[in-house]
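Engineer: No sequence on hand, only this structure:
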C-alpha cells in the first residue's frame, strides 16, 4: 500500500514562490510515476506536472511551463514541486498522486493520492 503525504502549502503573494513536497511510503513507491494535480473550489481536478519513476521524464501543464519545476529523490522517496511566480488563480488544494509505470496527465489514471495541501495566492 502506497501512502502519500504532501507538505509545503501556505499563503503567498502574487509573484511569490512555494515549494511543495510529497513523501511516499510503501515497498515500491520509488518505482511509481508521480503527478501533481490541483483543485480549486467548484472546479475539476486538473493536471499540473508529472515525473517518471526514474526522474528522466517530466511533464507540465502549459499554464505552468517555465514557472514550475518537478523533481524527485528516490533515495528519500520524495517528490517536490517548485512553484515560482504564482498567480491568484492558482489558489487551490494541491495533491500528489502515484501510479505504476508511465506518468499520465489524467487524474483518473492514478491509483494513490495524498490528502492535499492548500496553496493560497493573494493578489
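Structural biologist: All right, it came through fine. None of these values were measured; they are calculated from a predicted model. Numbers count the residues shown, from 1 in each chain.
Engineer: Please name the nearest non-neighbouring residue to the residue nearest to the spatial centre of the chain.
Structural biologist: The chain has residue 36 as the residue nearest its centroid, 2.3 Å off, counting by C-alpha atoms, centre = their mean. Leaving aside its sequence neighbours, residue 36 sits nearest to residue 48 (C-beta to C-beta, 6 or more residues apart in numbering; 4.3 Å). Quick note: C-beta positions are derived from backbone N, CA and C, even for glycine.
Engineer: Let me know the secondary structure of that neighbour.
Structural biologist: For residue 48, the secondary structure call by DSSP: H, G, I helix; E, B strand; the rest coil comes out as strand.
Engineer: show me what contacts it?
Structural biologist: The neighbours of residue 48, taking C-beta atoms under 8 Å, 6 or more residues apart in numbering as the test, are 35-38, 60-61, 64, 68, 81, 94.
Engineer: how about a cut-off of 7 Å?
Structural biologist: If a contact means C-beta atoms under 7 Å, 6 or more residues apart in numbering, then residue 48 has 36-38, 61, 64, 68 as its contacts.
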